[in-house]
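Peer 1: can't give you the sequence, but here's the structure:
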C-alpha cells in the first residue's frame, strides 16, 4: 500500500487511510488529522505513549457521527490498547486485521451497524479484558476461542442473529458444540468489587453505630404539642402548602401525634405516616430523620425542596408540601393505596401477572427518565429499589423518595449514611469512586427488573453469589438464558410470555453491566422496553404519546 505522506510516521499513515473510508456528515470532527505532522499524537481521539517512541495506544472516535467502513489498516496499530468506535454509523464487517492489535485490552464497537460474523482472528487478542459489540447487526455463532466463550452476556446483546457461548445454543439445539462456559472474567472481577463494597459498607456501618450510640445518650429534644397555649402557628415555617392549606396542627391531629399505629413505612430518610385529613383526603406524611440544631432552614435546603415540589409526572409521587416546626421536618406526599412494589412482590402472596409487572417496570423507567433527562437540574434518585416504587389503585408505578437522599444528605444533616443506595442495589463502581451518577440509578433499576423477572429479593445467600445480579449470571452460566431463571409463580405455559420476559431479562443485564460505560441511559431503557413490547405481541397498550419524555402538567390537588 502506498501512502500519500512521507513525513508522517507509519501509524499516522494508517490512521489517514482509515479516515479516507469515513464520513461525518460535514461535521469535520477529524479536521486536525494533518498529513503534514510527523506523528498523529494530539490528533482528535488519538493518545500516544509518553516515552520517546510516541506510539498510539488509544483511539477514541465514539459519538462522532461517523459513517462508512472500518479499514483493515487499523491492524497496523499494533501498540493499540484501547479502541472505542461506539455510537456511530459504521457498517460492513469487523476487519480481521484487528487480530493483529495484540496489545488490545478494550474493544468498544457498540451501537453501530456492523454486520457479518465476528472474525475468529480476534481470538488472538489474549490481553482483551473488555469487549462490547452490543446493538449491531452481527450474526452467526460466536467463535470457539475461549476469549469469546468466557465473555459476559452483556457484551453481545442487541445482535439478533448472534448465538453461542453466553447467548445460548444456536438453532435451539442443546447438543450443539457451543456450550455455556463459566463467565470467569466477569465473576472474578465482580467478586473483587463485591468484597470492596462490603468493606466500604462495613466501615460506614461501624461509624453509624458509634454515631447512633452517641445520640442515644444525648437528651432527646421533644416536639412540643401544638395544644400548648404558648405555641402559635407562626412558629411553623411552611415553605409551600397544598391548596387545602394543611397546618402542622392538622397533621399532628390526623396522626395522633405521629403515633406508631399510623406508621405505614420506614426508611433511611424517616418514617411515613398515613394521615386522613378533615376533608377526607388521604396523604402520606414523611417525618424526616434529621437532628438539626436551630430553627432556621438553610436556603440550599429550601431550594431543593421547592425544586422537588414543582415536579409533575404521572410516574413520580407528588410532593404536596413541606413543613418545618421546632425541629420536625415533614414532607407531604400523594398517598399510594397499593403500597410498595417490594411489599407486593416479596410478600406472602403475590398475584402480579407479567403484563402488570411489565407495566410497573415501564412506568418506573419513564419516571426515572424524566428525572434524569427532563428536569433542570437533572435529579439522581440515589436509592432506587422496589420499596421506593409505589403503586396506585390501578397498579401504576410511581417513583418515590426521588432526590430526597441528596436533599437530606447535606452538610447540616447528621443522620444520613454516607453510602448512597441500599444493599443489593449499589452499583459496583461506587465502591471505588464514592460518586453517584445517573448510571448508578440505572444499575439499581436493572436490579428491580431482575426482581420482577425472577421474583427473588436483591440480597441472596452467600453460597448463591450474595446478590441477585450474581445469582442470575451464575444461573445463565450453567443453564443458558432459559425460562428456569424466571419467577415460577407466573404463567410460564405461554411461550409469548417467556420470550418477552427473556427479552426484558437481556435489558436488565445490560442495565447491570459491571462497567457504567456499558449501561444505557434511562431514555434508551424506556425505548428498549417499548420496542420489546411491540416485537413480542403488545402485552400492554402503549399510546404513541407515551414515548419519552412524558410529562404531567396538572397541579397537585
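Peer 2: Arrived safely, thanks for sending. All of these numbers come straight from a predicted model, not from anything done at the bench.
Peer 1: Just the helices from the stretch 1-150 of the chain, written as ranges.
Peer 2: Assigned helices in the stretch 1-150 of the chain, in chain order: 10-20, 146-149 (criterion: DSSP state H, counting those that start in this stretch).
Peer 1: who's in contact with the last one?
Peer 2: Same thing as helix 146-149. If you take C-beta atoms under 8 Å, 6 or more residues apart in numbering as the criterion, helix 146-149 is touched by 118, 122-123, 125-126, 128, 131, 142, 164-166, 181. All C-beta spots, glycine's among them, are computed from the backbone N, C-alpha and C.
Peer 1: Including distance to residue 346 and pLDDT, could those go into a markdown table?
Peer 2: A markdown table is the format used below for the contacts of helix 146-149 (distance: C-beta to C-beta, whole Å; pLDDT from 0 to 100):
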| residue | distance to residue 346 | pLDDT |
| --- | --- | --- |
| 118 | 40 | 92 |
| 122 | 43 | 90 |
| 123 | 43 | 87 |
| 125 | 43 | 90 |
| 126 | 44 | 87 |
| 128 | 39 | 88 |
| 131 | 35 | 87 |
| 142 | 36 | 86 |
| 164 | 35 | 77 |
| 165 | 33 | 71 |
| 166 | 28 | 72 |
| 181 | 32 | 37 |
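Peer 1: What's the ChimeraX syntax to select whichever of these are buried?
Peer 2: Buried residues within the contacts of helix 146-149, by 16 or more other C-beta atoms under 10 Å, are selected in ChimeraX with:
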select :118,122,123,125,128,131,142,164,165,166
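Peer 1: pretty sure residue 264 is in a strand, no?
Peer 2: Yes - assessed with DSSP: H, G, I helix; E, B strand; the rest coil, residue 264 lies in a strand.
Peer 1: ok, it - contacts?
Peer 2: By C-beta under 8 Å, 6+ apart, the contact set of residue 264 is 272-274, 284, 339.
Peer 1: wait, which of the residues you listed is closest to residue 365?
Peer 2: When the contacts of residue 264 are ranked by distance to residue 365 (C-beta to C-beta), residue 339 comes first, at 20.1 Å.
Peer 1: who touches that closest one in this structure?
Peer 2: By C-beta under 8 Å, 6+ apart, the contact set of residue 339 is 264, 390-391.
Peer 1: which one among these gets closest to residue 398?
Peer 2: Distance to residue 398 across the contacts of residue 339 (C-beta to C-beta) is lowest for residue 390, with 4.8 Å.
Peer 1: so where is the stretch 101-250 of the chain shaky, pLDDT-wise?
Peer 2: Residues of the stretch 101-250 of the chain meeting the criterion pLDDT under 70: 168-169, 171-206, 208-245.
Peer 1: coming back round to it: which members of the contacts of residue 264 are the farthest-apart pair?
Peer 2: Using C-beta to C-beta, the pair of the contacts of residue 264 lying farthest apart is 273 and 339, separated by 14.0 Å.
Peer 1: and residue 494, how many neighbours does it have?
Peer 2: Neighbour count for residue 494, taken as other C-beta atoms under 10 Å: 12.
Peer 1: any idea how far residue 266 is from it?
Peer 2: Distance of residue 494 to residue 266, computed by C-beta to C-beta, to the nearest Å: 38 Å.
Peer 1: Residue 49 too?
Peer 2: Going from residue 49 to residue 266 by C-beta to C-beta gives 55 Å.
Peer 1: So if I had to pick from those two, which one is more boxed in?
Peer 2: residue 49 (14 against 11).
Peer 1: Give me the phi and psi angles of the more buried one.
Peer 2: When read as degrees, to the nearest 10, the backbone of residue 49 gives phi -70, psi 160.
Peer 1: who's in contact with it?
Peer 2: By C-beta under 8 Å, 6+ apart, the neighbours of residue 49 are 55, 57, 79.
Peer 1: so what's the residue nearest to the last one when sequence neighbours are not counted scoring on pLDDT?
Peer 2: Right, the one you point to is residue 79. Distances taken as C-beta to C-beta, 6 or more residues apart in numbering put residue 55 closest to residue 79, at 4.1 Å, once the chain neighbours are dropped. Predicted confidence (pLDDT) for residue 55: 90.
Peer 1: contacting residues for residue 55?
Peer 2: Residues in contact with residue 55 (C-beta under 8 Å, 6+ apart) are 11, 48-49, 79.
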